[in-house]
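>>> what shape does this take:
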Amino acid sequence: MHTLLDVLQAILFVGIPVGVFSFLMIYFSYQKGYLSTDFELKDAFKKNNNTGYSLSRKHKKELLFLHSKWVTFGGGFYGLIALLTFLIIELTQVVNFLFSITGWQDIVALFSFDTLIVMIIDSITNMVQAIIWFTYWSDKFDTENFIVWIFIAYISYRFSEKYAMRYTVYQRKLAIEEAIEE
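Residues are numbered from 1 along each chain as shown. The predicted model follows:
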């Protein structure tokens, strides 16, 4: 019974968020032309990418910010979870900061050299935490079955990958059919 409850929690807290984020990232990769439905997603991140599409390190500067960070973190499942972890850490810090402002002194303090140094160090620390996301999340979720949580996240990622590709193919097919009817 405890394992079943753990699986349900993993689906709710990991599976759904990872699935939605994965779908959006992959879907917009297809829409922006970073990926082709003719190739597997895993081939797009290889160093010797001969697919002709730009979701790789050699085209990183041409990508949108989130896609560029996804590639920076290694692409694929690992890179996507690292990116999601990085975003959550950064957004949490921003929200915590905004709620900790008590007056003009806090806002003025933002423009000091010390604050700039602290922000740079925090950003580097957050990048490292995101890269080793499995240690970050094991501290956040109180579960005995952390491997199950990672497995559910991976299944959610793979499902979203396939669904994003199929949805893109369906949209293109529908657009062609509408163009033929006109």
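>>> so which residues of the protein form helices?
Applying DSSP state H to the chain gives helices spanning 2-10, 16-31, 41-44, 65-72, 76-100, 104-109, 113-131, 133-140, 146-181.
>>> now those helices in CSV, with mean pLDDT?
Output for these, formatted as CSV (pLDDT from 0 to 100):
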stretch, mean pLDDT
helix 2-10, 85
helix 16-31, 94
helix 41-44, 72
helix 65-72, 86
helix 76-100, 92
helix 104-109, 78
helix 113-131, 90
helix 133-140, 87
helix 146-181, 92
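>>> adding mean neighbour count, write the ones you listed out as a markdown table.
To be clear about C-beta, it is placed using only N, CA and C from the backbone, and glycine gets the same treatment. Formatted as a markdown table, the helices of the chain follow (neighbours: other CB atoms under 10 Å):
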| stretch | mean neighbour count |
| --- | --- |
| helix 2-10 | 14 |
| helix 16-31 | 19 |
| helix 41-44 | 18 |
| helix 65-72 | 18 |
| helix 76-100 | 16 |
| helix 104-109 | 10 |
| helix 113-131 | 13 |
| helix 133-140 | 15 |
| helix 146-181 | 15 |
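>>> contacting residues around stretch 90-110?
By CB atoms under 8 Å, 6 or more residues apart in numbering, the surrounding residues in contact with stretch 90-110 are T115, D122, S123, N126.
>>> with distance to Y167 added, can I get those in CSV?
Formatted as CSV, the contacts of stretch 90-110 follow (distance: CB to CB, whole Å):
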residue, distance to Y167
T115, 44
D122, 37
S123, 34
N126, 32
